[in-house]
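>>> here's my sequence, what's the structure:
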Amino acid sequence: MDDLLQPPSAFVAKNNAEAFERAMLERLGGRGGAAAAAAGGGDSARVREEKEGFVPALVSPLWKTFGAVVLRGSFWKLCNDVIQFLPPVVLSGFLRYIAREPNFMTDAFGKSLDRVEIGVMYCVLMFALAVLRTLCEQTYFYYAQASGICIRGALSTAVYRKTMRLSSAGRSGSTTGEVLNYMQLDAQRVADLMLFVNVLWSGLLQIVGYMALLYSYIGWSVFGGLAVMIGLIPLQKVFYGMIYRYRKLQNALTDRRVKLENEGLSGIKILKLNAWEESLQAEVSAVRRREMKTPSRSLPQQLTSLRMNP
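As a prediction, the model looks like this:
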């Protein structure tokens, strides 16, 4: 590990986990649940009450701990979106320049530059915009992935530490498979969300910006395409609902498979004594086959939804 580049201290899992746990305890303390979180147990009713309040209370500690990294990524995303509106404008001016029509570069410099120099400036400008957009985009992805990795590490560590603090009564509320899903699948989904959370505002900005550019070039015809795009929204909602149901079924099958595997490992002596290996293997394989078939059932809906995206 010594030959690897050390990450910044702000991205180290140990530091992030401790900062997130402090913010989480402060949030739960404001809701009257810090004592329960620190004690790590109690009766099942109290555990269920903590679970119901955990998801809404999770947003504030995450924002307090990782909000700065997310905002830096959002800033570079904004720069990238603004820059990507410029190449069509520059290309339009360049085509006008080739056709010997008035263009913004000629209007800006007038007779101070000859025709060849204006053409060179157009080429340099298009190249510079492409490079600048690439730099902004890659910087955005860096911060988006960094925030996702930090959030995944903090959530996984928080779930693990919470599990270690729970009493026997507290552990009865969740199976081992559910806990593993929290640490692996759910934490990974929250981390993946960081790559797409900026689409909430970036998508609207791009739609408005490109619609304005198209309107300036082709006029009222642009609203025909806008109407088609708006009409596809209800269909996408239907397909996303179907995909969500398939993923929910897959998670349930994953929980059952992990539970069977853990039960087999924990009771390996009884399993060997009664020669139940083949029956357990057959049951685990059957659940695994159903688990692997579920994504293929949702594949047509995913492809159709992807094709309908503008």
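
>>> ok, which stretches of the stretch 151-300 of the chain are helices?
Along the stretch 151-300 of the chain, counting by DSSP state H, counting those that start in this stretch, helices occupy 168-171, 176-181, 187-193, 199-218, 222-266, 268-273, 277-308.

>>> take those helices and lay them out in JSON lines including mean pLDDT and distance to Asn15.
C-betas here are computed from N, CA, C, even on glycine. As requested, those are exported to JSON lines (pLDDT from 0 to 100; distance: least, Cβ to Cβ, whole Å):
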{"stretch": "helix 168-171", "mean pLDDT": "70", "distance to Asn15": "27"}
{"stretch": "helix 176-181", "mean pLDDT": "69", "distance to Asn15": "24"}
{"stretch": "helix 187-193", "mean pLDDT": "83", "distance to Asn15": "17"}
{"stretch": "helix 199-218", "mean pLDDT": "88", "distance to Asn15": "28"}
{"stretch": "helix 222-266", "mean pLDDT": "83", "distance to Asn15": "30"}
{"stretch": "helix 268-273", "mean pLDDT": "82", "distance to Asn15": "39"}
{"stretch": "helix 277-308", "mean pLDDT": "79", "distance to Asn15": "36"}
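
>>> centre of the chain to stretch 135-155, how far?
How far stretch 135-155 lies from its chain's middle: 10 Å, per Cα atoms, centre = their mean, to the nearest Å.

>>> swap that for stretch 94-111, please
Distance, stretch centre to chain centre, for stretch 94-111: 43 Å (Cα atoms, centre = their mean).

>>> and it, end to end?
End-to-end distance of stretch 94-111 (Cα to Cα, to the nearest Å): 17 Å.

>>> before we move on, back to that, out of the helices of the stretch 151-300 of the chain, which is closest to Thr134?
Proximity to Thr134 (Cβ to Cβ) singles out helix 199-218 among the helices of the stretch 151-300 of the chain, at 16.9 Å.

>>> hang on, the earlier thing: deepest-packed of the helices of the stretch 151-300 of the chain, please.
Highest mean neighbour count among the helices of the stretch 151-300 of the chain (mean count of other Cβ atoms under 10 Å): helix 176-181, with a mean of 18.

>>> circling back to that earlier point, could the helices of the stretch 151-300 of the chain go into CSV alongside distance to Lys111?
Shown next, in CSV, are the helices of the stretch 151-300 of the chain (distance: least, Cβ to Cβ, whole Å):
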stretch, distance to Lys111
helix 168-171, 81
helix 176-181, 70
helix 187-193, 54
helix 199-218, 27
helix 222-266, 36
helix 268-273, 89
helix 277-308, 51
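
>>> so which of those gets nearest Ser9?
Closest to Ser9 of those is helix 187-193 (Cβ to Cβ; 19.6 Å).

>>> show me what that closest one is packed against.
Helices and strands touching helix 187-193, as assessed by 3 or more Cβ pairs under 8 Å, 6 or more residues apart in numbering; DSSP states H and E, comprise helix 115-165.

>>> and the helix it packs on, what does it pack against?
With contacts taken as 3+ Cβ pairs under 8 Å, 6+ apart, helix 115-165 sits against helix 13-30, helix 34-39, helix 44-83, helix 86-98, helix 104-109, helix 187-193.

>>> which among the helices of the stretch 151-300 of the chain is found nearest to Ala130?
Comparing the helices of the stretch 151-300 of the chain by Cβ to Cβ, helix 199-218 comes nearest, at 17.6 Å.

>>> Val116 is nearest to which of the helices of the stretch 151-300 of the chain?
Taking those one by one with Cβ to Cβ, helix 199-218 is closest: 27.3 Å.

>>> so which elements touch the closest one?
If you count contacts as 3+ Cβ pairs under 8 Å, 6+ apart, helix 199-218 packs onto helix 44-83, helix 86-98, helix 222-266.

>>> from the middle of its chain, how far away would that helix be?
The answer for helix 199-218 is 23 Å, by Cα atoms, centre = their mean.

>>> repeat that for stretch 197-210.
How far stretch 197-210 lies from its chain's middle: 16 Å, per Cα atoms, centre = their mean.

>>> residues making contact with that stretch?
70, 73-74, 77-78, 81, 84-85, 140, 144 (Cβ atoms under 8 Å, 6 or more residues apart in numbering).

>>> now list the buried members of the residues you listed.
70, 73-74, 77-78, 81, 84, 140, 144 (16 or more other Cβ atoms under 10 Å).

>>> now render those residues as JSON lines, adding distance to Gly241.
Output for the buried ones among the contacts of stretch 197-210, formatted as JSON lines (distance: Cβ to Cβ, whole Å):
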{"residue": "Val70", "distance to Gly241": "28"}
{"residue": "Gly73", "distance to Gly241": "29"}
{"residue": "Ser74", "distance to Gly241": "29"}
{"residue": "Lys77", "distance to Gly241": "28"}
{"residue": "Leu78", "distance to Gly241": "31"}
{"residue": "Asp81", "distance to Gly241": "29"}
{"residue": "Gln84", "distance to Gly241": "31"}
{"residue": "Tyr140", "distance to Gly241": "30"}
{"residue": "Ala144", "distance to Gly241": "27"}
